[in-house]
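Asker: next come a sequence and a model predicted from it.
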Amino acid sequence: MRPVAVRFLLSALLLAVLAAPLVSAQEYTVTSGYDSPVPVDAAARVPAPVGFFALPLWVLIAHFFLFPPEVFLAIKLWAALGIRRVFGGNVLDQGLRARIFEHICHNPGIHLRGLAAEMDLKMGTLRYHLGMLQNTHKIAVSGDAASVRYYENSGTYSADEQLILKHLRNETTKILLRVLVERPLATRQDLADAAGISGPSVSWHMKRLQKDRIVHARHEGRTSVYEIPTPVAGYIMRAVQVPATVPLGECPGATGHA
């Protein structure tokens, strides 16, 4: 017997057990067993209560099958909707959810609104599927409420790598980091000329990178120069030259079912 059928039968049996006491609680009309009026000197007897499971077997069986119509309707609806438990093994059987997961694999560090725009999805639908992917540990989530970022499952990228990938999603920041990898100790003006932006804009990007400890700044006289720690620079170089994504169609676990 298929697992779905077994779960259905077990659910039906549970509903039967829960519904039986409700049916047995209905009122009964008791009539006298005497063919003639009760004798005046007859002693009154209090009937002894009988428990539900002390009733004859045929009565018990009848109660199990005398469901209220609402119970049958609920079971029919449950079966029609094909409700089943979603877990790690089948979470990607749903086509849209598999495509969302694959898009995250190819765009690590993508944020919620970017994902919605690139996939042309409504926020409510997207949040529902992202919740399923997160609950089954298919994706990792970082950031705060203002900038939530998504990555393939939590074992794929370290916390530092997630921060770097988040900044590489910004094209201007990506250019600035690439310049710093190629030209350590670049000045603000060097970066502004390379990226084609103003000095204050460079300072804004550098402050964000310094906050996440991706870039260090130091003063040489009146000039500020910037550098990237060696381990971070190595990862940025690999991520920029060979994007930190998997080949198209090879996202682990993504089935792409329609």
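Answerer: Nice, I can see it.
Asker: all helices of the stretch 101-250 of the chain, in order?
Answerer: All helices of the stretch 101-250 of the chain, identified by DSSP state H, counting those that start in this stretch, fall at 112-119, 123-135, 159-168, 171-182, 188-195, 199-211, 230-241.
Asker: buried set for the fifth one?
Answerer: Which is helix 188-195. By neighbour count, with 16 or more other CB atoms under 10 Å as the criterion, the buried positions of helix 188-195 are 188, 190-192, 194-195. Placement of C-beta: from N, CA and C, glycine included.
Asker: what average pLDDT does that helix get?
Answerer: What helix 188-195 shows for mean pLDDT is 90.
Asker: so which elements touch it?
Answerer: Helix 188-195 sits against helix 171-182, helix 199-211, strand 223-227, with contacts defined as 3 or more CB pairs under 8 Å, 6 or more residues apart in numbering; DSSP states H and E.
Asker: what's that helix in contact with?
Answerer: 172, 175-176, 179-180, 183, 186, 198-199, 201-203, 206, 223-224, 226 (CB atoms under 8 Å, 6 or more residues apart in numbering).
Asker: between these, which is nearest Ile139?
Answerer: In terms of CB to CB, no member of the contacts of helix 188-195 lies closer to Ile139 than Thr172, at 26.4 Å.
Asker: sorry, back to before: distance to Leu55 added to the helices of the stretch 101-250 of the chain, as CSV?
Answerer: Formatted as CSV, the helices of the stretch 101-250 of the chain follow (distance: least, CB to CB, whole Å):
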stretch, distance to Leu55
helix 112-119, 58
helix 123-135, 45
helix 159-168, 63
helix 171-182, 76
helix 188-195, 84
helix 199-211, 73
helix 230-241, 72
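Asker: and those helices, which one is worst for confidence?
Answerer: helix 230-241 (a mean of 80).
Asker: that one versus strand 223-227: what angle between them?
Answerer: On the basis of axes from the mean of the first three to the mean of the last three CA atoms, to 10 degrees, helix 230-241 is oriented at 70 degrees to strand 223-227.
Asker: just want the angle from helix 230-241 to helix 159-168.
Answerer: Interaxial angle of helix 230-241 relative to helix 159-168 (the same axes, to 10 degrees): 50 degrees.
Asker: what's in contact with helix 230-241?
Answerer: 160-161, 164-165, 168, 174, 177-178, 180-181, 184, 214, 228, 244.
Asker: and the average pLDDT for stretch 60-72 is what?
Answerer: Per-residue scores along stretch 60-72 average to 64.
Asker: the helices and strands packed on helix 188-195: which one's closest to Trp58?
Answerer: Going by CB to CB, the one of those nearest Trp58 is helix 199-211, 76.1 Å.
Asker: packing partners for that closest one?
Answerer: For helix 199-211, the packing partners by 3+ CB pairs under 8 Å, 6+ apart are helix 171-182, helix 188-195, strand 216-220.
Asker: with just CA atoms, put it into PDB.
Answerer: Only the C-alpha atoms of helix 199-211 are listed here, as PDB (Å, rounded to 0.1, in the frame of the first residue of the first chain):
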ATOM      1  CA  GLY A 199      34.700  61.000  -4.300                       C
ATOM      2  CA  PRO A 200      31.800  61.100  -1.800                       C
ATOM      3  CA  SER A 201      30.200  58.100  -3.500                       C
ATOM      4  CA  VAL A 202      33.400  56.200  -3.100                       C
ATOM      5  CA  SER A 203      33.400  57.100   0.600                       C
ATOM      6  CA  TRP A 204      29.900  55.800   1.000                       C
ATOM      7  CA  HIS A 205      30.700  52.500  -0.500                       C
ATOM      8  CA  MET A 206      33.900  52.200   1.500                       C
ATOM      9  CA  LYS A 207      32.100  52.800   4.800                       C
ATOM     10  CA  ARG A 208      29.800  49.900   4.000                       C
ATOM     11  CA  LEU A 209      32.700  47.600   3.100                       C
ATOM     12  CA  GLN A 210      34.600  48.700   6.200                       C
ATOM     13  CA  LYS A 211      31.600  48.000   8.400                       C
END
